[in-house]
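# just the structure for this:
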Amino acid sequence: MQHPEDYVEQVLLAAESVPPGHVTTYGAIAEAVGRFGPRRVGAVMAEHGGGVPWWRVVRSDGSLPPSHGERARRAYGDEGTPLRAGGRVDMAAAFVEPVLPVLPVLPVLPVGAVLPATPAAPAPGAAG
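Numbering: from 1, shown residues only. Below is the predicted model:
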């Protein structure tokens, strides 16, 4: 499945916003991004998430997809992520909402438009 590039970037930024020792859910990321649903977030994470802390994104009940198993559990131990007796993440203790950075909105100028010149800052040590 082809994912829009900006969507992939937002999903990965949301996953990266989760601090060590905590988790978020596929659904929480979908809600934060504002497009598509948890399954689409899971597909993006499966295809593009190798470079982000993927183990910090879990199902809403704290369980992991079967493919995450032992590697995720090692990461949870290293980070001190709270787990329940059955091996699921303790969502009451570990869940955080993902945070997306606020990016500036740049104006779109018509083709050929010229920006007004900005005055140059005086050189260091120059009298003003």
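
# who touches whichever helix or strand R39 is part of?
Element membership for R39, per DSSP states H and E: helix 38-48. Contacts to helix 38-48, defined as CB atoms under 8 Å, 6 or more residues apart in numbering, come from residues 1, 3, 7-8, 11-12, 15, 25-27, 29-30, 33, 52, 54, 57, 60, 65. Every residue, glycine included, has its C-beta placed from N, CA and C.

# equivalent analysis for stretch 63-77, please.
Outside stretch 63-77, the residues that reach it (CB under 8 Å, 6+ apart) are G42, P53, W54, W55, V58, R59, T81, L83, G87, R88, V89.

# got the buried residues for that stretch?
L64, A72, R73, A75, Y76 (16 or more other CB atoms under 10 Å).

# ok so, going back, mind checking which of the contacts of helix 38-48 land in strands?
T25, V57 (DSSP state E).

# just the buried ones from the contacts of helix 38-48, in PyMOL syntax?
Those of the contacts of helix 38-48 that count as buried under 16+ other CB under 10 Å are selected in PyMOL with:
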select buried, resi 3+7+8+11+12+15+25+26+29+30+33+52+54+57
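
# what's the pLDDT at A123?
pLDDT recorded at A123 is 66.

# point out where the protein drops to low pLDDT.
1-2, 103-106, 115, 118, 120-121, 123-128 (pLDDT under 70).

# in the helix holding R39, what's buried?
P38, R40, V41, G42, A43, V44, M45, H48.

# distance of the fourth one relative to V108?
Going back to what we said before, that points to G42. 33 Å (CB to CB, to the nearest Å).

# end-to-end on stretch 30-49?
15 Å (CA to CA, to the nearest Å).

# repeat that for stretch 55-74.
Using CA to CA, the end-to-end distance of stretch 55-74 comes out at 10 Å.

# residues near E31, how many?
16 (other CB atoms under 10 Å).
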